[in-house]
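In: Generate a structure from the sequence data that follows.
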Amino acid sequence: MNSRRHFLRTTLASGISLAALSPNAAEQDEQVPTRYIAAYDTESPTCLKACRKIVEAHKKHAMPATFFVVGKTLEANASEYRSLLDDPLFEIASHTYSHRMLRDHPFCGGAISLEEKRVEIFKGKEAVERVFERPCLGVRSGCGFDDGLRGAKDVLALVEESGMHYVSTLLWGPDYSLPALLTEPFSYKEDGFPDVWELPGHGWHENILKNHNRWGSRRVTLWPPLMPEAIPAGFVEAPEDEFAVNRVFLDRAKADRKTFASLIWHPWSLHQFDPEMRMLDLTFAHVRKIGLSPCRYADLYETLSVG
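Out: Below you'll find the model as predicted:
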C-alpha cells in the first residue's frame with residue numbers, strides 16, 4: 001500500500017472528518033478555511049516528559065498534531081514514545097536522525113557532508129517507521145533555513161530518494177530574521193523536484209522568544225520589521241504573553257486567507273516555561289473560536305498533492 005493511501009485510511013479509522021482536513025473538489029473555492037497545524041520539534045531527552053503534558057492538552061481539545069522527532073531521541077525511548085504518540089490524532093514525522101545541519105546556518109553551524117546528510121535523512125525516516133510501523137511522509141530540518149531548500153539539490157535528491165513527500169525547512173524570515181512570515185506552501189519544481197513540497201513553519205522559534213537557548217538579545221529581527229505587531233517589547237514572561245504573540249499569526253492567517261498557519265514549538269522549552277500548558281489551552285481555544293481548521297502536516301500535503 002502506498003504511503004498516501006495508508007495515511008488516509010488511518011485518518012478515516014480515527015473518526016476525524018476529512019471534510020476539514022482534505023477538501024473535495026466542490027470545496028476548492030474561497031470558502032475553504034485556513035488550516036491550523038500544531039507541530040513540535042521533539043529533539044532532546046527532556047522532551048518525553050513534556051510530551052506527556054502536551055498529549056493531555058491535545059486530547060482535551062481533540063486537536064491533531066505533527067511531532068517531528070529526532071531519530072536518536074526516538075530510539076532512546078522508543079517504547080515510551082510509541083505508547084504516548086501512537087494515536088490517529090498524531091502524525092509522526094522526522095526531525096532528521098541527529099539534528100545536524102543540512103545547509104550552512106549562520107547561528108547553528110556549517111553543513112555536514114553529503115554522506116552525513118544521507119544518514120540524517122534516511123536513518124531519521126527509518127527510525128520513525130520502525131518504531132511506529134507507519135509511513136514517515138516528511139522531514140523537518142534541524143534549525144531550519146531562511147530560504148528552505150531552494151538550490152540545495154543534493155538534499156532534495158536525498159529526500160526524493162528516501163520516499164518522503166514533504167519537507168519543513170523554511171523556518172525563518174528574510175536574512176535569518178524572526179518572526180518567520182506566513183509563507184505559503186510550494187513545490188521544489190524550479191529545482192527539478194516537483195513532487196517534493198515545502199510546508200513552512202511560522203512565527204517565532206518559541207525557545208528564542210523565551211531566551212531558553214541563552215542567546216540573549218542577539219539580532220534576530222529586521223529593521224524596519226515586516227510584522228511589528230508580532231515583536232514583543234522583551235522576552236515573554238508568562239503563558240498569556242506567549243499566547244498574545246501566537247494570536248497575531250493566527251488572526252493574520254485567517255484575515256489574509258492563508259492556506260495554513262503553524263507555529264514553531266519545542267516540547268522541552270514549552271514545559272520549562274509552562275508545565276501546565278496554559279499557553280496550549282489558550283491557543284487551541286482561540287483556533288476553535290476563530291474557525292481555523294486543525295490538521296496535520298501530512299493532511300496539508302495530501303490536499304496540495306491532489307489539488
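
In: how near is residue 66 to residue 144?
Out: 15 Å (CB to CB, to the nearest Å). Using the backbone N, CA and C atoms, a C-beta is placed for each residue, glycine as well.

In: which one's the longest helix in this structure?
Out: Looking across the chain with DSSP state H, the single longest helix is helix 114-132.

In: between whichever helix or strand comes after that one and helix 114-132, how big is the angle?
Out: Scanning forward in sequence from helix 114-132 by DSSP states H and E, the next helix or strand is strand 138-145. Orientation check (axes from the mean of the first three to the mean of the last three CA atoms, to 10 degrees): strand 138-145 against helix 114-132 gives 130 degrees.

In: Mind checking which residue lies nearest the centre of the chain?
Out: Using CA atoms, centre = their mean, the residue of the chain that lies closest to the mean C-alpha position is residue 39, 4.2 Å off.

In: Nearest spatial neighbour of that one, chain-adjacent residues omitted?
Out: Nearest non-adjacent residue to residue 39, counting by CB to CB, 6 or more residues apart in numbering: residue 66, 4.6 Å away.

In: Report the angle between the helix or strand hosting residue 92 and helix 114-132.
Out: Following DSSP H and E, one finds residue 92 within strand 90-94. Between strand 90-94 and helix 114-132, the angle comes out at 150 degrees (the same axes, to 10 degrees).

In: Which strands and helices lie in contact with strand 90-94?
Out: Packed against strand 90-94 by the contact rule (3 or more CB pairs under 8 Å, 6 or more residues apart in numbering; DSSP states H and E) you find strand 65-69, helix 114-132, strand 138-145, helix 297-306.

In: which residues in the chain form helices?
Out: Taking DSSP H as the criterion, the chain carries its helices at 3-14, 18-21, 47-61, 71-76, 78-85, 114-132, 153-162, 206-209, 239-255, 267-273, 278-290, 297-306.

In: Tell me where the model's unsure across the stretch 201-307 of the chain.
Out: Per-residue confidence for the stretch 201-307 of the chain (pLDDT under 70) gives these ranges: 307.

In: Then the stretch 1-150 of the chain?
Out: Using pLDDT under 70, the stretch 1-150 of the chain drops low at 1-30.

In: contacting residues around the residue nearest to the centre of the chain?
Out: By CB atoms under 8 Å, 6 or more residues apart in numbering, the residues touching residue 39 are 65-68, 140, 168, 201, 262-265, 297.

In: now residue 290
Out: Going by CB under 8 Å, 6+ apart, residue 290 touches 250-251, 254.

In: Against residue 65, how distant is the closest residue to residue 283 other than its chain neighbours?
Out: Excluding the flanking residues, the one nearest residue 283 by CB to CB, 6+ apart is residue 246, at 5.1 Å. Note on residue 246: its distance to residue 65, by CB to CB, is 15 Å.

In: Measure how buried the residue lying closest to residue 76 once chain neighbours are set aside is and give me the count.
Out: Distances taken as CB to CB, 6+ apart place residue 45 nearest to residue 76, at 6.8 Å, with adjacent residues excluded. Using other CB atoms under 10 Å, the number of residues around residue 45 comes to 11.

In: May I ask you to confirm that residue 45 is in contact with residue 74?
Out: No. Applying CB atoms under 8 Å, one finds residue 45 not in contact with residue 74, separated by 11.4 Å.

In: Let me see the contact set for the nearest residue to residue 261 once chain neighbours are set aside.
Out: Closest residue to residue 261 apart from its sequence neighbours, by CB to CB, 6+ apart: residue 253 at 3.7 Å. By CB under 8 Å, 6+ apart, the contact set of residue 253 is 34, 36, 182, 202, 260-261, 292.

In: can you list the residues you listed in a markdown table and add neighbour count?
Out: Putting the contacts of residue 253 into a markdown table (neighbours: other CB atoms under 10 Å) gives the following:
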| residue | neighbour count |
| --- | --- |
| 34 | 21 |
| 36 | 26 |
| 182 | 21 |
| 202 | 26 |
| 260 | 23 |
| 261 | 23 |
| 292 | 22 |
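
In: returning to that earlier point: how much space is there between the residue nearest to the centre of the chain and residue 95?
Out: Distance of residue 39 to residue 95, given as CB to CB: 10 Å.

In: So for those two, which residues contact both of them?
Out: By CB under 8 Å, 6+ apart, residue 39 and residue 95 have these common neighbours: 68, 140.

In: ends of stretch 164-179, how far apart?
Out: With CA to CA, to the nearest Å applied, stretch 164-179 spans 27 Å between its terminal residues.

In: Quick check: residue 202 touching residue 261?
Out: Yes. Assessed by CB under 8 Å, residue 202 is found in contact with residue 261 at 5.5 Å.

In: overlap in contacts of these two?
Out: The contact sets of residue 202 and residue 261 overlap at 182, 249, 253 (CB under 8 Å, 6+ apart).

In: so how far is residue 221 from the second one?
Out: Same thing as residue 249. To residue 221, residue 249 is 15 Å away according to CB to CB.

In: Kind regards, and thank you for your time.
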